[in-house]
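Chemist: have a look; sequence and predicted model below, questions after that.
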Amino acid sequence: MTARGWFLFSLMGVVWGIPYLMIKVAVDDLSPSMVVFTRCALGAALLLPFALRGGGLLRTVRAHWAPMLAFACIEIIGPWFTLTDAERHLSSSTAGLLIAGVPIVGVVLSRFFGATEHLGVRRVAGLALGLAGVAVLTIPHLTGGDAKSLAEVALTVVGYATAPLIAARYLKNVPTLQLTAPCLALAALVYAPAAAATWPAQMPSTSVLASLAGLGVICTALAFVAFLELIKEVGPTRSTVITYVNPAIAVAAGALFLGERLTAGVLAAFVLILAGSVLATAGPARKAPARPVTWSPRQTSRADGRVESP
């Protein structure tokens, strides 16, 4: 990977590791619709002027409206609501760890987007390890109201795994800003009515306002530009490997700022999901090139067919 690729990878590993903390803080005072609307509206407001300045935005939307609509629905409109709603009942650490399954799901879904690479024993073992980690993490939450939240996170994972494949196959020639800005603007319009209906009766706390600002500016506007550039730089499957780093950031932030417990189950799930993701997305093993057999004029052949040197 190039130096630019490593920079984008490192940036995304951190920038998309902190939204879980910010979402958890925001949903204490605001509805999920309000959080998603504010996040998307801020991101669109920041990016649309730059997208318009470049020219050709309307032409781009007309030419690619179908895959852009699919990307907006699968990456933003659906997953951001389901994840935000799920965090009303799940800890930010749990949500971040479950999202770590994105590369595993991406490996499976890539088969439907033209991938012909053989999975092999190592990658199948990675899928199994990752699923085991998800099981360790989710089983304690299957009682009460958490089952619905787990299903919402599962939908988020599928969306996050599918959207990069759509972007890489159908939108790779679309400028980053001309893809991101319209998608965020559309999401903001979709959630505007629900946000208006759940508008808070009083001004949210400073921590909630700071979380909303961080979600919109850092985790949306900056992050989306960097993520789409990362997809173009390293490809859709490898780009989702940022979720190896995201859970560590999410767990650390939850423990430091929200007092979330680091149990043995959480640590075991982290190890299994991380190991499974690494194996499931690993490239094929390189085979050592066969050493060519050369013949020297000084070599002589024996009657039994073997060659020997004098």
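Modeler: Okay, I see it. Numbering: from 1, shown residues only.
Chemist: in the stretch 151-300 of the chain, where is pLDDT below threshold?
Modeler: For the stretch 151-300 of the chain, the stretches flagged by pLDDT under 70 are 236-248, 277, 280-300.
Chemist: how about the helices in it?
Modeler: In the stretch 151-300 of the chain, the helices defined using DSSP state H, counting those that start in this stretch lie at 176-197, 206-216, 223-234, 236-239, 246-257, 264-280.
Chemist: the second one vs helix 223-234, what angle?
Modeler: With axes from the mean of the first three to the mean of the last three Cα atoms, to 10 degrees as the criterion, the two stretches helix 206-216 and helix 223-234 enclose an angle of 30 degrees.
Chemist: show me which positions of helix 206-216 end up buried.
Modeler: Within helix 206-216, the residues that count as buried by 16 or more other Cβ atoms under 10 Å are 208, 211, 212, 214, 215, 216. The C-beta positions use only the backbone N, C-alpha and C, and glycine is treated the same way.
Chemist: which element is residue 94 on?
Modeler: Element membership of residue 94 [criterion: DSSP states H and E] is helix 92-99.
Chemist: next structured bit after that helix?
Modeler: Immediately after helix 92-99, counting by DSSP H and E, sits helix 102-109.
Chemist: flag every buried residue along that next one.
Modeler: 102, 103, 104, 105, 106, 107, 109.
Chemist: and these as TSV, adding pLDDT and distance to residue 125?
Modeler: Formatted as TSV, these follow (pLDDT from 0 to 100; distance: Cβ to Cβ, whole Å):
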residue	pLDDT	distance to residue 125
102	80	18
103	74	14
104	74	12
105	81	16
106	80	17
107	75	12
109	83	19
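Chemist: want to throw these into a markdown table with distance to residue 275?
Modeler: A markdown table is the format used below for the buried residues of helix 102-109 (distance: Cβ to Cβ, whole Å):
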| residue | distance to residue 275 |
| --- | --- |
| 102 | 15 |
| 103 | 12 |
| 104 | 11 |
| 105 | 16 |
| 106 | 16 |
| 107 | 14 |
| 109 | 21 |
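Chemist: circling back: and the helix holding residue 94 with helix 246-257, angle?
Modeler: Using the same axes, to 10 degrees: helix 92-99 against helix 246-257 is 180 degrees.
Chemist: can you list contacts of helix 92-99?
Modeler: 17, 20-21, 23-24, 83, 86-87, 133-134, 137-138, 141, 150, 153-154, 156-157, 160, 243, 246-247, 249-251, 253-255, 258, 260, 262, 266, 269-270, 273 (Cβ atoms under 8 Å, 6 or more residues apart in numbering).
Chemist: quick check on those: which are buried?
Modeler: Among those, those classed as buried by 16+ other Cβ under 10 Å are 17, 20-21, 23-24, 83, 86-87, 133-134, 137-138, 141, 150, 153-154, 156-157, 160, 243, 246-247, 249-251, 253-255, 260, 266, 269-270, 273.
Chemist: related to what we said a few turns ago, for residue 128, find the nearest of the helices of the stretch 151-300 of the chain.
Modeler: Closest to residue 128 of the helices of the stretch 151-300 of the chain, according to Cβ to Cβ: helix 264-280, at 7.2 Å.
Chemist: what residues of that closest one count as buried?
Modeler: 266, 269, 270, 272, 273, 274, 275, 276, 277, 278, 279, 280.
Chemist: ok, now stretch 54-71?
Modeler: Those would be 57, 60, 61, 64, 68, 70, 71, for stretch 54-71 by 16+ other Cβ under 10 Å.
Chemist: am I right that the first one is in contact with residue 180?
Modeler: No - at 11.2 Å, residue 57 does not count as touching residue 180 under the criterion of Cβ atoms under 8 Å.
Chemist: in stretch 124-137, what's buried?
Modeler: Under 16+ other Cβ under 10 Å, the buried positions of stretch 124-137 are 126, 127, 129, 130, 131, 132, 133, 134, 136, 137.
Chemist: could I get the average pLDDT for that stretch?
Modeler: What stretch 124-137 shows for mean pLDDT is 74.
Chemist: contact partners of that stretch?
Modeler: 94, 97-98, 100-101, 104, 107-108, 119, 265-266, 268-282.
Chemist: lovely, talk soon.
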